[in-house]
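In: Test case, fold it:
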Amino acid sequence: MLLVSIFVLFIPHAFSLSFSFTSFQDDGRISLEKSARLVETSIELVNGRNKESVGRATYHKPMHLWDKATGELTDFATNFAFVIDSMGQDTFGDGIAFFLAPADSKLPNILNVRGAAMGLIIGGQETILNSKDHPFVAVEFDIYPNIKSNQGWDPACLHVGVDVNSIQSDIMVEWKADDSIMAGKTNEAFISYNASTRMFNISFTDGFDFSHNLMWGHLHHVIDLTEYLPEWVTFGFSAATGASTSTHRSIHGVSTLRTFQMSHSPGRAKRK
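Out: Modelled structure (predicted):
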């Protein structure tokens, strides 16, 4: 089940935007692409029974990330819960991501990329490590390592990373989610961006200790979003499955987006 509650606040501008979802209907407020679909009152980003499945779900209106005239950049924070269910299989892929991209970003009708792109790459397989023509910034939850020893780019573990115009993360940390994926349990993440420090702060459920207490992982990364993204962006979730074997049966879905808050902070300097 997908329950979404989002609050968006722009300061000091004279308007605010807020919206919430306790269930999803085909009312046009959420844009669904490729394999993403409504299932009863929930959103399924990809059908895990199909190989090379990719889907996106984004809010139908763009958001003002930064202002070129004033140099103001947006603070934002969100926390959400999501489910990746391998239906008991111990091999799964490929991943899910929270992303920001130019406001007009859409998946093409013919998508010449594999599941490793997680719905983030739209310029073709040759741009998977260099997507400057179709920029994005994302927090990925990667469940199928394309390991470096096999001409890939990932560490040999499930991981959470920050991606900037590339599926090769700028920074990453191991994610101990194997058990939750095999059991179809809910994971949770908190993501915030501080415009003054240009800092991403990410916290996420990270398995259990020997006493079965829930553990949390953390990741921090400094990035000036004005250098990579335009003033107006789309935001949402993307996911994909791969084609290695029939055991890639993951179903990706955001089960709850509890909050999304935004505010403008003074910029360091106006961009020319």
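In: low-confidence ranges in this protein?
Out: Along the chain, the parts satisfying pLDDT under 70 run over 1-24, 48-50, 110-116, 147-152, 243-259, 264-272.
In: Give me the residue at the spatial middle of it.
Out: Nearest to the centroid of the C-alpha atoms of the chain, with distances taken as Cα atoms, centre = their mean, sits Phe98, at 1.5 Å.
In: Tell me what that residue is bridged to.
Out: Val139, Phe237 (DSSP bridges).
In: now the residue with the largest distance to the centre of the chain: how far from Tyr193?
Out: For the chain, the residue at maximal distance from the C-alpha centroid (Cα atoms, centre = their mean) is Ser211, at 30.5 Å. In this view, Ser211 and Tyr193 are 34 Å apart by Cβ to Cβ, to the nearest Å. For every residue, glycine as well, the C-beta is placed using N, CA and C.
In: List the contacts of the closest residue to Gln261 other than its chain neighbours.
Out: Spatially, and ignoring its direct neighbours in sequence, Gln261 is nearest to Ala77 (5.1 Å; Cβ to Cβ, 6 or more residues apart in numbering). Contact analysis of Ala77 by Cβ atoms under 8 Å, 6 or more residues apart in numbering lists Phe190, Ile191, Ser192, Tyr193, Thr259, Phe260, Gln261.
In: between those, which is nearest Met118?
Out: Taking Cβ to Cβ as the measure, Ile191 is the one of the contacts of Ala77 closest to Met118, at 15.9 Å.
In: beta partners of that closest one?
Out: Thr78, Ile202.
In: cool, and Ile43?
Out: Bridge pairing for Ile43 - DSSP bridges - gives Leu38.
In: Just give the number of residues close to it.
Out: 22 (other Cβ atoms under 10 Å).
In: just checking, it touches Ser31?
Out: No - assessed by Cβ atoms under 8 Å, Ile43 is found out of contact with Ser31, at 10.9 Å.
In: joint contacts of the two?
Out: By Cβ under 8 Å, 6+ apart, the residues touching both Ile43 and Ser31 are Ala57.
In: tally of neighbours for the closest residue to Trp153 other than its chain neighbours?
Out: Using Cβ to Cβ, 6+ apart and skipping the chain neighbours, the partner closest in space to Trp153 is Gln168 (4.0 Å). Other residues lying near Gln168 total 17 when counted by other Cβ under 10 Å.
In: in terms of contact, does Gln168 touch Ser131 like I think?
Out: No - Gln168 is beyond contact range of Ser131, at 10.7 Å (criterion: Cβ under 8 Å).
In: And the contacts of Ala77, which is closest to Tyr59?
Out: Checking those one by one against Tyr59 (Cβ to Cβ), the nearest turns out to be Phe260, at 8.7 Å.
In: mind checking how far the closest one is from Trp232?
Out: Phe260 is 16 Å from Trp232, by Cβ to Cβ.
In: ok so, going back, wasn't the residue farthest from the centre of the chain part of a helix?
Out: No - counting by DSSP: H, G, I helix; E, B strand; the rest coil, Ser211 falls outside a helix, being coil.
In: From Gly217, how far out is it?
Out: The value you get for Ser211 to Gly217, if Cβ to Cβ is used, is 18 Å.
In: ditto for Ala183
Out: According to Cβ to Cβ, Ala183 stands 18 Å off from Gly217.
In: okay, those two: which has more neighbours?
Out: Remark: of Ala183 and Gly217, Gly217 carries more neighbours, 18 against 12, as counted by other Cβ under 10 Å.
In: show me what contacts that one?
Out: Val160, Val173, Glu174, Trp175, Lys176, Ser203, Phe204, Thr205, Asp206.
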